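Provide a 3D model corresponding to the input given below.
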Amino acid sequence: MKTSLYKILFVLLISFCVSCKKTENTANKTITAAKNEIEYSSNLAIYKYNGYSIVKVINPWPDANKDFTYILKEKNATVPDSLQKYTQLSVPLQSIVVTSTTNVPFLEMLGVEKSLIGFPHTDYISSEKTRKLIDAGTVKNVGQNERLNMEKLIDLAPQAIVAFGIDNNNPMIANLEKSGLKVIIQADWMEQSPLGKAEWIKLYAALFGKEKEGKKLFDNIVKNYNEALKLVANQKAESTVLYGSMYQNQWFVAKGKSWVAQFMKDAKSNYLWAKTEGSGSLGLSFESILEKAKDANIWIATSSYKSLKELADSNPHYSQFDAFTQKNIYSFESKLGATGGTVYYELAPSRPDLVLKDYIKIFHPELLPDYNFTFVQKLN
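The predicted structure follows:
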C-alpha cells in the first residue's frame, strides 16, 4: 500500500515538475518570440507583448559600452519577473520632456504635442505649432542639454525625459535618474539610414499608445520615399557635387556612408566624396577641397547664408569654385524659425521623403517641375 502511494506521489511530482517546466519555457518563449516592430532602424528595436512592450536602444553613441532596455507597461498589465530589472514606464504617457528638436515633429505628427512640458533652450524650436505652446507658457525652458535645470525638472515631474548621450560619461543622465526621474536614451542621431532615422516615430507612438497611427504615418513616408526613388531610377548621376564649407580652418565633407551621402546617392548625383569610408564628417584643408572640387557644377553649402554675396564675404576664396561662378549653390540651412532655429535640423530627420525630393529637384529639376523646395534655398 505504501509502495503504491509512493508511486502515485512520485508520478504526481514528476507531472507537476514537467508542468512547471513547460510553463517556464512558455514564459521564456513569450519574452523572446515577439516580432521586432522596427524594419529600417539599426539602433532601435520594439517588441510588443500583451500589456507591455520591450524597447531596446542599441549603440546609443559612438563606441558605446552598453545598450539600454525599457519596459512600457500598460494599465493593469503584468510584467515578467525577468524584466523587472529594467526601467519601467507606465503608458500611455501624459507628459514628456524631450531634449532634441528632432523629437518635436514626431510629437506633432502623432498629435500629442500638448504633452510636451519642457525643452532645453526653447529658442531652437522652429515649429509654429509648438512655438505657440512655448509662448503660452505650457512648454518650459529647462536649461541646456549638458546643463539641464534639475530643480525645474523635478518640479515639472514629467513621466519621461528623452535624452541623448555623446559618450560613455553621462553624469547629467545619472543625476536625473538618482532624482527619481525616468530617462529614456535615444539614438536617432546615430542612424545613417534616412528611413531608419524617421522610424523613431514608432518609439513615440509606443510611449503614447498610438502604435497604429505611428505605423501608418511611417508607412506613408516609406511609400513617398520609394516613389521618389522610382522617379530617378533610370537617371544617370551627371551632377558633380561639392558639399560643405569652411569651419575653423577646416572644410567638413560628409563621409560616404553618412545620412547626407545616402540622400545624394539616392537622388542620383556624383558626390565627390561618396567613396570615403565611414559615416559622419571628414575635415580637410581648403587646398585639398579646391583641387578636387573646383570643377564641381553644384555646391551644397552647409551654412545659413542666403546669398552669394554673404557667402563670398565670409571667405573670398569661395569664388574660385565653378559652382560659385555659375551660381549653382544651395543650402538646406537657410530657412529659420521665428527665434533662429534651423527648420532643416528639426524636421528633416522625420521627413526624409521631402529631403530626397529636394535633392532630386536640385540634380534633376525636370523630374519635379511643379515641386517647391521644402528645405532648400538657392543662393542668389
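
Please count neighbours and contacts with C-alpha atoms only from this point.
Noted.

for the record, mean pLDDT for stretch 153-171?
Averaging pLDDT along stretch 153-171 gives 93.

and what of stretch 318-338?
Mean pLDDT, computed over stretch 318-338, is 96.

Going forward, count from 13.
Will do, 13 is the new start, and the previous item becomes stretch 330-350.

and His376, what are its phi and psi?
phi -140, psi 60 (degrees, to the nearest 10).

meant to ask about Leu84
phi -100, psi 110.

What ranges does the stretch 113-262 of the chain have for its helices?
116-121, 140-147, 162-168, 183-190, 206-210, 213-219, 223-243 (DSSP state H, counting those that start in this stretch).

For those, which has the smallest mean pLDDT value?
When I compare the helices of the stretch 113-262 of the chain, helix 183-190 is least confident, with a mean of 88.

Tell me the helices and strands packed up against that one.
For helix 183-190, the packing partners by 3 or more CA pairs under 8 Å, 6 or more residues apart in numbering; DSSP states H and E come out as strand 195-197.

on that earlier part again, and the helices of the stretch 113-262 of the chain: which comes nearest Phe344?
helix 206-210 (15.6 Å; CA to CA).

what's next to that closest one, contact-wise?
Contacts with helix 206-210, where a contact means CA atoms under 8 Å, 6 or more residues apart in numbering, come from 51-54, 200-201, 203, 230, 234, 271, 274-275, 361-364.

Looking at the residues you listed, which is nearest Glu250?
When the contacts of helix 206-210 are compared for distance to Glu250 (CA to CA), Phe275 wins out at 15.2 Å.

Apart from its neighbours in sequence, what residue is nearest the closest one?
The shortest distance from Phe275 to any non-neighbouring residue, by CA to CA, 6 or more residues apart in numbering, is to Leu368 (5.9 Å).

So that neighbour, which state does it fall into?
Following DSSP: H, G, I helix; E, B strand; the rest coil, Leu368 is assigned to helix.

One more: Ala286?
Going by three-state DSSP: Ala286 is coil.

Now do the closest residue in space to it that isn't next to it in sequence, the pLDDT please.
Leaving aside its sequence neighbours, Ala286 sits nearest to Gly268 (CA to CA, 6+ apart; 4.2 Å). If you check Gly268, the pLDDT there is 96.

Helix or strand: which one has Gly268?
Counting by DSSP states H and E, no helix or strand carries Gly268.

According to the record, where do the domains of the protein fall?
41-235, 244-390 (automatic domain parsing).

Mean neighbour count for the ones you listed - can I get that in TSV?
Formatted as TSV, those follow (neighbours: other CA atoms under 10 Å):
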stretch	mean neighbour count
domain 41-235	18
domain 244-390	18
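
Low-confidence regions, the stretch 13-162 of the chain specifically.
13-45 (pLDDT under 70).

Tell me which stretches of it form strands.
56-61, 64-69, 80-85, 99-102, 108-110, 128-131, 152-153, 155-156, 159-160 (DSSP state E, counting those that start in this stretch).

Just put the helices of the stretch 113-262 of the chain in CSV and tack on distance to Leu323.
Converted to CSV, these look like this (distance: least, CA to CA, whole Å):
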stretch, distance to Leu323
helix 116-121, 30
helix 140-147, 28
helix 162-168, 41
helix 183-190, 38
helix 206-210, 28
helix 213-219, 36
helix 223-243, 31
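
Any idea which of those gets closest to Leu254?
Evaluated with CA to CA, these place helix 206-210 nearest to Leu254, the distance being 20.3 Å.

C-alpha coordinates for the closest one, CSV please?
Provided in CSV are the C-alpha atoms of helix 206-210 (Å, rounded to 0.1, in the frame of the first residue of the first chain):
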residue,chain,number,x,y,z
PRO,A,206,17.2,58.1,-43.9
LEU,A,207,14.3,55.8,-43.3
GLY,A,208,16.0,54.4,-40.2
LYS,A,209,16.0,57.9,-38.6
ALA,A,210,12.4,58.5,-39.5
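
about what we covered before: could you measure from the residue nearest to Phe275 over to Asp278?
For Leu368, the distance to Asp278 (CA to CA, to the nearest Å) stands at 8 Å.

I'd like to know the phi and psi angles of Ile310, please.
Here is the backbone geometry of Ile310 (degrees, to the nearest 10): phi -140, psi 140.

what pLDDT does it get?
pLDDT, Ile310: 98.

For it, name its beta-bridge partners.
Beta bridges link Ile310 to Val253 when assigned by DSSP bridges.

Could you pull up the residues touching it?
Ile310 neighbours (CA under 8 Å, 6+ apart): Ser251, Thr252, Val253, Leu254, Ala335, Asn340, Ile341, Tyr342.

cutoff 6 Å now
Listed by CA atoms under 6 Å, 6 or more residues apart in numbering, the contact partners of Ile310 are Val253, Ala335, Asn340.

same thing with Leu320?
Leu391, Asn392.

how much space between it and Phe336?
Here Leu320 is placed at a distance of 8 Å from Phe336 (CA to CA).

next one: Gln260
21 Å.

same question, Ala360
The value you get for Ala360 to Phe336, if CA to CA is used, is 26 Å.

do the same with Pro183
Note on Pro183: its distance to Phe336, by CA to CA, is 46 Å.

which residues are contacting stretch 228-238?
Counting contacts by CA under 6 Å, 6+ apart, the residues outside stretch 228-238 that touch it are Asp365.

ugh, wrong one, stretch 65-81
So stretch 65-81 is contacted by Asn55, Leu56, Ala57, Ile58, Tyr59, Tyr82, Ile83, Leu84, Ile178, Asp179, Ala199 (CA under 6 Å, 6+ apart).

Could you do stretch 266-278 as well?
Gln204, Ser205, Ala286, Lys287, Thr288, Glu289, Gly290, Ser291, Gly292, Ser293, Leu368.
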